[in-house]
Every structure is written in structure tokens, then in C-alpha cells.
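**Q** Sequence first, predicted model second:
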Amino acid sequence: MRVGRSLGRARWIGALALVGGCGLGNPDLVFTGDVGVPVDVPVDVPFDAGLDVPADVSVDVPVDVPVDVPVDVPRDVPVDVPVDVPVDIPRDVPVDIPVDVPVDVPIDVPIDVPVDVPVDVPVDIPIDVPVDIPVDVPVDVPVDVPVDVPVDMPPVCPSGETLCGSTCVNLATDVSHCGACGTVCAFPNAVPGCAAGACVVASCAAGRGNCDGSAVNGCEVDTSTSNAHCGACGVACASDRLCAAGTCRLARDCRELLSRNPSLVSGEYTVDLDGAGTGAPVTVRCDMATDGGGWTLVFDSGTTNFSQAGVPWTRPDVAAALVAPGIATSALVAHRDALYVPLAALDWVRFAVPTPWRTAAPLSVSNVDEDTLVSFNGAPPLLRRLRYGFANFLDNCGGNWIPGGTFGRFCVLPSPAPFYAAFGGGAPDRCVTSNVSWNAGGSATECGSARRFTIFVR
């Protein structure tokens, strides 16, 4: 037994010596062979060939890439090999180990192999290597995933409709595409329509009428004010009526009447002085020609010799309806003939209605002087003095007032404007000019049917 143990120990030492001598620790050892071993793949290689090892001894060499193999050496055998030497073998590095070297000891020695030394591993060793391979899928590979892809396809229009832009329309009836795409129907004061591909007036706005039947100018008539088409096309108002709010009614005065019917001539017309009030219609005298027309008579000396102090308006109804409330703003004073046409040889004058006239007629008050702008026969206005009222005076328009008398006058100083005098005294009324004596013409200048002193307002 002792001999056997000695022999055995000698064999171990010999085997180690043989291994050391064969170059396992020798840096000059050359390894050849190809190994395709991935990292961490265990390899069990039985070492039987060429090793004098007892039958019951097996060699287990795990190979990991990288390989960390501890050295399994009996404790009582001195070995000049470092223990726990890691073997760094890169993947796919073959290691060439000669197979004809007899080894009498089990080899659990870590092998330090340089990076560039291949390791030769038997091909029958299974290797489980996870492979991460990108897959290039062609674009035309069908994928069972619903894809919402917008498709820009023009709509298919029904029969009788045309595609205009992205909308199907009927060119025969569509007011935005009448007869052709983009043809828009539009008319003044009208609701447009499209009939058989042509633009037409479907209806008119409130108070408007298409009285000429043309769609080009739309609903051209204001039927709320038109005397020729009052309330509806073809409904005409009489010459002494005007259209207001779509109804033929009497005008309030001559100015309103003329504004609605500019073709009217001077003469008498029936008006409704209080407009929508309860007053009855009345007949008035209208001057439709002088200084633009539209004048309503408020005072007329006529054929009357007043011979009284304080002569009122001869048309108090006109004065109450137009002068007092301020509807009339201008006054026109003239001497007129029997037809109420201003006398050609004499001037007529226009000026703003004086404020005192709103409460009293100018011939019903006593001796008033008032400076105001006066227009003669339509010329630019000049500053002049109005002198009116009942009182005595010295001879002409320039003579001073003599309070206490009732002779009376109306004149414009200085000017050839109408001069009306003696209406408050016993002498015949005179109709002369303001630049002469009240009695300069004698009986020839007496007021009468052919020589009237008149005041019109508008």
C-alpha cells in the first residue's frame, strides 16, 4: 500500500511535470484549430485519449466563453501553476491543443489563451446562441392592421348636377352657380333666384318693387314713397296726393307735395295740414315756381282795405300748422298779379322766418325793427332791416316810427323790396316799393286783385 501510494504520487508528479514540460504553462505553446463557441456555453469534454489515468478517473473540463475555470489540483501536490487563472477566449477563437501529449493527471487547469488564439471545440457540442436578426419586410407585405388612409377622389354627381369645386350643384337653379360654376345671382334691393340657368328677381325687399321688369337693376322703385308706384308697381297717386308709407295721401303742405311730384305747377291744392292728425283737408295756394317752389300762402292782402290796427294772418290755419311749430323756416314776400305770379317790375325777397312770427302775425304787432339777412330775387343775402307792425311813421320806409298811431307798414330798409302801407288807417292800402313814399303812385299803386301783397312760407 505504501508502495502503491508512492507510485501513485509519483505518477501525479510525473503527469504534472509532463504537462509542464509539454507547454501548458509555456508561452511558446502554439494552438491551432477553429472554434465557433459563443459566450457561456458549457462544454464537457472526456479526456481519455493518450492519458494514463485510472479507469475510474474522468476529466470534466467546462468551457465557457469567456471561460473562468478553477484549477482542481490535489492539495498535497505542489504545482507551479497559478490557481484560478481565467481563460479569456473570445467568441469564435479556435484553440489548438495537441492530442498526442500523454497526461497522467486530470486537467482542471484554467487556460489563459490570448485573444487571437482560436479554440478547437468538437462540432457535436450544442450551442444555444440567441440571435437578434433584423427582418427587412418589403413594403408590399400585407399587414392585417386597419389603416385609415384619406382618399382624395372627386364625388360622382347625380344626374342633372355638375361638380363645382367639391360640391355638386344644379346649374339650372343654384343662385351661386347659375348657368355656370361661379356665376352668382345678386340684385339691388332684391332676393335673387335662378331659373333655367338665368338669374332672376325672386322677390323684392320690403317697400321695393321691380316695376320695370328688368333684373339688371333689381327692385329699383321705392314703393313706400313713389307716386307712380305707391304700395305696388302701377298704383299711381292723383296729382294732389303723395305716396307716404305705401299709401296715397294728401300732402301736408306745398313743399311736401312738390317734393313728391316735382312736375306740379303753381295753383291751388288740397293738403292735410296736420298730417296724420284729425284735421280735415283744406285747399291752399301753392307757388311751385319761385325760388325752387314749394311755398304755401299764409297772408294775402287781396281786395280788402283792412283799415284796422292789428291785421292777422289771412290763413291762420296755415300759420298754426306750419309757422307756429317751426315746420316752415323761410318767408317769401312779393307783390303779385291776379294769378299770384310775382310782378316782374318789382323785387321779391326771401329771409328766415323771424322768431316773433311764430307767436303773432307781423301786421298784428306794433312798430318792430329787426335786422336780418335778406335775399333779393334769389341773389346772395344781404343784411337789411325789416320794419313791420301797426303805428304811424314819416312818409316812407326810412321814416321813423311814431308810436301811438295805427297807420301801419311792412318794408325792407334800404331796398326796392315790397312796401305795404296804410292797412291800419282809413286810407286805401298801398302796394309800392320800400325806396319810395307810400303814396308815390297814388291810386295806381293801391292794392287790389291785380296788385297783391303776399307772404308765403315753406
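**A** Happy to help now that I have it.
**Q** Point me to the helix or strand that includes residue 256.
**A** Using DSSP states H and E, residue 256 maps to helix 254-260.
**Q** Can you name every helix or strand that whatever helix or strand comes next after that helix contacts?
**A** Note on helix 254-260: by DSSP H and E, the next helix or strand toward the C-terminus is strand 267-271. Identification of packing neighbours for strand 267-271 by 3 or more CB pairs under 8 Å, 6 or more residues apart in numbering; DSSP states H and E yields helix 254-260, strand 282-287. The C-beta positions use only the backbone N, C-alpha and C, and glycine is treated the same way.
**Q** and if we set it to 6 Å?
**A** strand 282-287 (3 or more CB pairs under 6 Å, 6 or more residues apart in numbering; DSSP states H and E).
**Q** circling back: can you give me the mean pLDDT across the helix holding residue 256?
**A** Mean per-residue pLDDT for helix 254-260: 91.
**Q** Look up phi and psi at residue 298.
**A** Phi and psi for residue 298, reported as degrees, to the nearest 10, are phi -120, psi -20.
**Q** how near is it to residue 305?
**A** Noted for residue 298: a distance of 20 Å to residue 305, by CB to CB, to the nearest Å.
**Q** Comparing those two, which residue is more hemmed in?
**A** residue 298 (27 against 17; other CB atoms under 10 Å).
**Q** Now do the same contact list for that one.
**A** By CB atoms under 6 Å, 6 or more residues apart in numbering, the contact set of residue 298 is 313, 315, 318-319, 455, 457.
**Q** now, which of these lie within strands?
**A** Taking DSSP state E as the definition of strands, the contacts of residue 298 contribute 455, 457.
**Q** In the contacts of residue 298, which residue is surrounded by the most others?
**A** residue 455 (27 neighbours).
**Q** so that residue bridges to which residues?
**A** residue 299, residue 333 (DSSP bridges).
**Q** Against residue 159, how distant is it?
**A** 79 Å.
**Q** Over to residue 189?
**A** 36 Å.
**Q** Pick out whichever of those two has more residues nearby.
**A** Using other CB under 10 Å as the criterion, residue 189 and residue 159 rank with residue 189 on top: 18 against 4.
**Q** Verify the contact between the more buried one and residue 220 for me.
**A** No: contact criterion CB atoms under 6 Å: residue 189 and residue 220 do not qualify, at 7.5 Å.
**Q** Pull out the buried residues from stretch 230-239.
**A** For stretch 230-239, the buried set under the neighbour-count rule, 16 or more other CB atoms under 10 Å, comprises 230-231, 233, 235, 237.
**Q** contacting residues around stretch 187-206?
**A** 171-175, 178-179, 185-186, 208, 210, 215, 218-219.
**Q** Let's have those in CSV, adding neighbour count and distance to residue 330.
**A** Formatted as CSV, the contacts of stretch 187-206 follow (neighbours: other CB atoms under 10 Å; distance: CB to CB, whole Å):
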residue, neighbour count, distance to residue 330
171, 18, 59
172, 16, 59
173, 14, 57
174, 21, 56
175, 17, 50
178, 25, 53
179, 14, 56
185, 22, 48
186, 11, 43
208, 21, 34
210, 20, 39
215, 18, 44
218, 18, 38
219, 24, 36
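**Q** Return the subset of the residues you listed lying in strands.
**A** Using DSSP E, the contacts of stretch 187-206 in strands are residue 208.
**Q** Return the member of the contacts of stretch 187-206 nearest to residue 281.
**A** Residue 281 has its nearest neighbour among the contacts of stretch 187-206 in residue 208, at 29.3 Å by CB to CB.
**Q** How about the helix holding residue 256, which residues are buried there?
**A** 254-258, 260.
**Q** just these now: which is nearest residue 446?
**A** Taking CB to CB as the measure, residue 446 lies nearest residue 254 of these, at 28.5 Å.
**Q** what residues are up against that closest one?
**A** Applying CB under 6 Å, 6+ apart to residue 254 gives the contacts 286, 294-296.
**Q** how about the residues you listed in a markdown table, adding neighbour count and pLDDT?
**A** Output for these, formatted as a markdown table (neighbours: other CB atoms under 10 Å; pLDDT from 0 to 100):
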| residue | neighbour count | pLDDT |
| --- | --- | --- |
| 286 | 28 | 98 |
| 294 | 23 | 98 |
| 295 | 30 | 98 |
| 296 | 29 | 98 |
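**Q** ok, which pair from the contacts of stretch 187-206 is furthest apart?
**A** The farthest-apart pair in the contacts of stretch 187-206, when distances are taken by CB to CB, is 171 and 208, at 27.9 Å.
**Q** Please give me every residue in contact with residue 209.
**A** So residue 209 contacts 219, 221, 223, 229, 233 (CB under 6 Å, 6+ apart).
**Q** beta partners for it?
**A** Bridge pairing for residue 209 - DSSP bridges - gives residue 221.
**Q** Need the pLDDT of it.
**A** So, for residue 209, pLDDT stands at 97.
**Q** Tell me the spacing between it and residue 229.
**A** Counting by CB to CB - residue 209 and residue 229 are separated by 5 Å.
**Q** Show me whatever sits in contact with both of these two.
**A** In contact with both residue 209 and residue 229: 221, 223, using CB under 6 Å, 6+ apart.
**Q** Of all pairs in the buried residues of stretch 230-239, which one spans the longest distance?
**A** 233 and 237 (13.4 Å).
**Q** And the strands in the stretch 101-250 of the chain, which stretches?
**A** Applying DSSP state E, counting those that start in this stretch to the stretch 101-250 of the chain gives strands spanning 162-164, 167-169, 190-195, 198-204, 208-209, 221-222, 241-244, 247-250.
**Q** Between the ones you listed, which has the poorest mean confidence score?
**A** Minimum mean pLDDT among those: strand 241-244, a mean of 84.
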